[in-house]
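S.K.: requesting a structural model of the entry that follows:
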Amino acid sequence: MSNGNLLPPLGRRTVLAGLATLCAANGRGHADPPRLSLIEAPCNLGLRPPRPRHEPGTWRAPETLREQGLHAALMPASTVRLPRPTYRFEAQDGTRIRNGNELRRFSERLGASVRDALDGGTFPLVIGGDCSILLGCLLGARAAGTVGLLHIDGHSDFFHPENYDTQARLGTAAGMDLALATGRGEPLLASWDGRPLVEDRNVVQLGERDELDPDYAYRDIEETKIRRMPIREMLRSGIGTSVERALSSCGDPGRPLWLHLDLDVLDARVMPAVDSPGSPGLDFHQLATLLAGLLASKRVIGMNVGIYDPDLDPDRRHARAIVASLTQGLAPLRQRTGA
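M.R.: Alright, predicted model coming up:
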């Protein structure tokens, strides 16, 4: 594990140049959309075993979505396939987070891939894997400077030592990703070059469904500067209004944004093949509309998708629906400006 500067000094300069290229390619003055760089992150490190000695199946998601046509539909300029990290059932020395040490290493590798994509002037689309991949994505994105975060998730993923007893059992990073990204929790995954990956004031959380539960575990998020748009508010206001509110609330208007998508924001009636399905939630059309609206702002510089579990989708019908929805939602990146 390294606690030093994870990205070399020249990385910031080269990524800034690449980001300028990306923004120009996605701006009004350029005829072509930014190219996609697709990064496969077959990670299940952030989840607990669904049953004794059985690994979560989210690591199979990148391969499954590729087989069901994602790459053919999106036609990425390049594809990076990260090696599958080793999942461990036992606690590790120096951490109470499951697979914590391996997660740190995997996040560094993923961060380098995201940085390289931005350096090349492309839009990194990271296909996971579980929600812990957010850490590596933000690590790579922030090489270009301070970024904001659009956190689309059916749960706020805000477990940390102040609201969760990691001494009683191993913590799982997929339930902590937003807390860790904002600097809360074990320094192993919460401190990157001595600071958090993103500041509270630059985060909008969209899609929380459990905030009305009397046992809502993340109640302390309400005391932070993180902007919150629970799923009921989004459904009541409509997707268009939700897009406008999210973009106007996520830091300075000119700040570049990273987009995190946990597919459990979809209603369990249409997407049960996730780690923690639930209702209410979006349908696939609403998800595509939400993504297209956010991407059309030209502020989003990269995106990660996670938590689909092919083990829960034996006939792959949910995979095909994911591919269709992502293809529609990512259309602003493929359409010619003004077309």
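S.K.: run a quick neighbour tally on D93.
M.R.: 6 (other CB atoms under 10 Å). Using the backbone N, CA and C atoms, a C-beta is placed for each residue, glycine as well.
S.K.: also the one 4 residues further on?
M.R.: Residues within reach of I97, counting by other CB under 10 Å, total 26.
S.K.: tell me who's in contact with it.
M.R.: I97 is in contact with L103, T166, L170, G171, T172, A173, M176, G185, E186, L188, L189, counting by CB atoms under 8 Å, 6 or more residues apart in numbering.
S.K.: pLDDT check: weakest of the residues you listed?
M.R.: Sorting the contacts of I97 by confidence puts T166 at the bottom, with a pLDDT of 68.
S.K.: any idea which residue sits dead centre in the chain?
M.R.: Computing the C-alpha centroid of the chain and ranking residues by CA atoms, centre = their mean puts H260 first, at 2.8 Å.
S.K.: quick one: mean pLDDT over the helix or strand that contains it.
M.R.: Taking DSSP states H and E as the criterion, the element that holds H260 is strand 257-262. Looking at strand 257-262 alone, the average pLDDT works out to 98.
S.K.: pLDDT below threshold where in this structure?
M.R.: When the per-residue scores of the chain are filtered using pLDDT under 70, the ranges that remain are 1-33, 166, 168, 335-339.
S.K.: where exactly do the helices run in it?
M.R.: Listed in chain order, the helices of the chain (DSSP state H) span 9-25, 61-67, 70-74, 100-119, 133-141, 177-181, 187-190, 231-237, 239-249, 284-295, 317-329, 331-334.
S.K.: any chance of these in CSV, with mean neighbour count too?
M.R.: As requested, the helices of the chain are arranged in CSV below (neighbours: other CB atoms under 10 Å):
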stretch, mean neighbour count
helix 9-25, 17
helix 61-67, 22
helix 70-74, 17
helix 100-119, 23
helix 133-141, 29
helix 177-181, 29
helix 187-190, 19
helix 231-237, 17
helix 239-249, 18
helix 284-295, 21
helix 317-329, 20
helix 331-334, 18
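S.K.: turn those into JSON lines, including distance to A91.
M.R.: Conversion of the helices of the chain to JSON lines gives the following (distance: least, CB to CB, whole Å):
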{"stretch": "helix 9-25", "distance to A91": "33"}
{"stretch": "helix 61-67", "distance to A91": "26"}
{"stretch": "helix 70-74", "distance to A91": "35"}
{"stretch": "helix 100-119", "distance to A91": "9"}
{"stretch": "helix 133-141", "distance to A91": "20"}
{"stretch": "helix 177-181", "distance to A91": "18"}
{"stretch": "helix 187-190", "distance to A91": "13"}
{"stretch": "helix 231-237", "distance to A91": "34"}
{"stretch": "helix 239-249", "distance to A91": "38"}
{"stretch": "helix 284-295", "distance to A91": "36"}
{"stretch": "helix 317-329", "distance to A91": "33"}
{"stretch": "helix 331-334", "distance to A91": "42"}
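S.K.: so for R88, which of the ones you listed sits nearest?
M.R.: The closest of the helices of the chain to R88 is helix 100-119. By CB to CB, the value is 7.0 Å.
S.K.: restrict the closest one to CA atoms and write it as CSV.
M.R.: Backbone C-alpha positions of helix 100-119 (Å, rounded to 0.1, in the frame of the first residue of the first chain) are rendered in CSV as follows:
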residue,chain,number,x,y,z
GLY,A,100,-9.3,-3.6,2.3
ASN,A,101,-5.7,-4.0,1.3
GLU,A,102,-6.5,-5.5,-2.1
LEU,A,103,-9.1,-2.7,-2.6
ARG,A,104,-6.4,-0.1,-2.2
ARG,A,105,-4.2,-1.8,-4.8
PHE,A,106,-7.1,-2.3,-7.2
SER,A,107,-8.2,1.3,-6.8
GLU,A,108,-4.7,2.5,-7.7
ARG,A,109,-4.7,0.4,-10.8
LEU,A,110,-8.1,1.5,-11.9
GLY,A,111,-7.2,5.2,-11.1
ALA,A,112,-4.3,4.9,-13.5
SER,A,113,-6.5,3.6,-16.3
VAL,A,114,-9.0,6.4,-15.8
ARG,A,115,-6.3,9.0,-15.7
ASP,A,116,-4.8,7.5,-19.0
ALA,A,117,-8.2,7.7,-20.7
LEU,A,118,-8.7,11.4,-19.7
ASP,A,119,-5.1,12.0,-20.7
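S.K.: got the angle between that helix and helix 133-141?
M.R.: Orientation check (axes from the mean of the first three to the mean of the last three CA atoms, to 10 degrees): helix 100-119 against helix 133-141 gives 40 degrees.
S.K.: helices or strands next to helix 100-119 in the packing?
M.R.: Packed against helix 100-119, as judged by 3 or more CB pairs under 8 Å, 6 or more residues apart in numbering; DSSP states H and E, are the following elements: helix 9-25, strand 36-41, strand 78-81, strand 123-128, helix 133-141, helix 187-190, strand 300-306.
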